[in-house]
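Colleague: sequence? don't have it. structure:
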């Protein structure tokens, strides 16, 4: 029987023998077991988790409004981790990461770039959800060298439709009380239909299933700062979509048919204005369509990433 | 060594032993070798071809404006035929089928239903391209029992945007001369970009590769009759999209990012108004996006059909 020490030695031999880009080394971590690690970049201490098959290009996840690493769906992250390395992180000021949340997407993108550089990573695939999708867009424009492919989920362009402020639906949903409080996400991510709500309850179960070393909920300064950044991003301008021509990376745009947080038409606008974008919209789905159809989403995104 | 007779006997034994829905029997035919067969329905003699894995539900293809069975892309039809039975046919009055082309989508859908009934088939998955997508929609409304799932490619709803007549781009494209004449399809199906045109030339090569028993080109009465039917379908009305609520079958809507024959926004409109539809738009693609990305399209559609 092998001991842990013997296994470690075997892994070291394998790593030495197959050191080229594309060689595979899996760690045994999953969404639930990956430890929270830290890396310093300037004055900021970033929290992150890494797991999955260690190919040459990891998939870096950019989180939604007020979300922590624990808000990602294990069915999605572990699904991707079968084929590639997954990296989750808290951007500056959120949950386990130090400093303050800036009030612009541009600063958030600078922080993300600093985090990637601090890890010594030269190229990522970027998956951005909601405000995370705006940060991923901005990062791709600022540092095109860092991003191979882009996945934009439940997000929109600068000056997108209904993006100058929170939508009326979002104001109502975020203004209501929930017991337990995380049932908020049943309304943010899912439609009122019975099948969508049932999928939402399964998402919540999966999301709650990490018991050890969860990320703390964000402090009270996070939501106003992120809201201010979103408001600047969504402010109407002349020719708001011209900037999208600068994102030449292959992009996959994904959303639900009925996103009431960032209206679905914004996903169509992204696809129509990005030079090289595929669009997938899922039926009877709201802002969190990727959590309603996690296996299908991972299959679609894997086809895109592996193409 | 087995003889053909021995193989036939073995196949008969297998067919007898596994007669339940879902059992697999493949014939050896492909897009290029499947013979044109005929079936009578009332006064009409329909031409069709069948090939592929004989599962319980075949995939029936509905052809575009002035197209014959030979205009389908073998990379698509043979791609699907790995997993399921594929049926191509000429609707009434087109190419090898007798009678005249009617001047309404409703009559075309009645003919299609008569063809399916004549084959003794109780349920199909329907893949409709362009005008074929309008016929597949109408068939699904008229005979919901016949259709399990629907794939709508490069098509639009009744009263869709720019559908009251041929688009200006379509008028220019169909009005020009091509040498050889089938290079028309390079402009109908593909964008002007170099990669799209290169994909188009590969499509034409694949499409021309069937040498034996090709379908004759349609006679001069086909285009005007189909154009009249399209014009009625596209005529503006009040609340033109309400009828889509009656199509409750799972539907996959597919198009290119820049369809200039049936504007891409019509695919978005279909998805937004159908009760249970997924939308996929491909980058840098025109009316024939499924021929530009045949492997990806088959992979996406197979995920949809097998879900």
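Modeller: Thanks, I have it. Since the model is a prediction, treat every value here as computed from it, not as a measurement.
Colleague: Which parts of chain A are strands?
Modeller: A:37-41, A:44-52, A:59-62, A:85-89, A:124-129, A:147-153, A:251-256, A:277-282 (DSSP state E).
Colleague: need those strands in JSON lines with mean neighbour count, distance to residue A:290 and mean pLDDT, can you?
Modeller: C-betas here are computed from N, CA, C, even on glycine. JSON lines is the format used below for the strands of chain A (neighbours: other Cβ atoms under 10 Å in any protein chain shown; distance: least, Cβ to Cβ, whole Å; pLDDT from 0 to 100):
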{"stretch": "strand A:37-41", "mean neighbour count": "15", "distance to residue A:290": "25", "mean pLDDT": "98"}
{"stretch": "strand A:44-52", "mean neighbour count": "21", "distance to residue A:290": "17", "mean pLDDT": "98"}
{"stretch": "strand A:59-62", "mean neighbour count": "26", "distance to residue A:290": "11", "mean pLDDT": "98"}
{"stretch": "strand A:85-89", "mean neighbour count": "25", "distance to residue A:290": "14", "mean pLDDT": "98"}
{"stretch": "strand A:124-129", "mean neighbour count": "26", "distance to residue A:290": "7", "mean pLDDT": "98"}
{"stretch": "strand A:147-153", "mean neighbour count": "25", "distance to residue A:290": "5", "mean pLDDT": "98"}
{"stretch": "strand A:251-256", "mean neighbour count": "27", "distance to residue A:290": "6", "mean pLDDT": "98"}
{"stretch": "strand A:277-282", "mean neighbour count": "25", "distance to residue A:290": "8", "mean pLDDT": "98"}
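Colleague: roughly how far apart are residue A:47 and residue A:70?
Modeller: 11 Å (Cβ to Cβ, to the nearest Å).
Colleague: what residues are shared contacts of the two?
Modeller: Common contact partners of residue A:47 and residue A:70 (Cβ atoms under 8 Å, 6 or more residues apart in numbering or on different chains): residue A:215.
Colleague: Write out the residues of chain A neighbouring chain B.
Modeller: For chain A, the residues found near chain B under the criterion Cβ under 8 Å from any Cβ of the partner chain are A:250, A:257, A:264-265, A:268, A:271-272, A:274-284, A:296, A:299-300, A:303, A:307.
Colleague: 6 Å instead, please
Modeller: A:268, A:271, A:276, A:277, A:278, A:279, A:280, A:281, A:282, A:283, A:299, A:303 (Cβ under 6 Å from any Cβ of the partner chain).
Colleague: Give me the neighbour count for the second one.
Modeller: Which is residue A:271. 26 (other Cβ atoms under 10 Å in any protein chain shown).
Colleague: need the contact list for the nearest residue to it once chain neighbours are set aside.
Modeller: Using Cβ to Cβ, 6 or more residues apart in numbering or on different chains and skipping residues adjacent in sequence, the residue nearest residue A:271 is residue A:279, 3.8 Å away. Shown in contact with residue A:279 (Cβ atoms under 6 Å, 6 or more residues apart in numbering or on different chains): A:253, A:271, B:281.
Colleague: what ranges do the helices span in chain A?
Modeller: With DSSP state H as the criterion, chain A has helices at A:4-17, A:74-81, A:105-119, A:131-142, A:168-175, A:184-189, A:194-208, A:222-234, A:265-273, A:289-292, A:294-306.
Colleague: now the second one against helix A:294-306, angle please.
Modeller: What that stands for is helix A:74-81. Relative orientation of helix A:74-81 versus helix A:294-306 (axes from the mean of the first three to the mean of the last three Cα atoms, to 10 degrees): 30 degrees.
Colleague: just the angle between helix A:74-81 and helix A:194-208, please?
Modeller: 70 degrees.
Colleague: tell me the mean pLDDT for helix A:74-81?
Modeller: Here helix A:74-81 scores 98 as its mean pLDDT.
Colleague: Equivalent analysis for the third one, please.
Modeller: What helix A:105-119 shows for mean pLDDT is 98.
Colleague: Likewise for the last one?
Modeller: Within the predicted structure, the mean pLDDT of helix A:294-306 is 98.
Colleague: Output the contacting helices and strands for it.
Modeller: Secondary-structure packing of helix A:294-306 (3 or more Cβ pairs under 6 Å, 6 or more residues apart in numbering or on different chains; DSSP states H and E): helix A:74-81.
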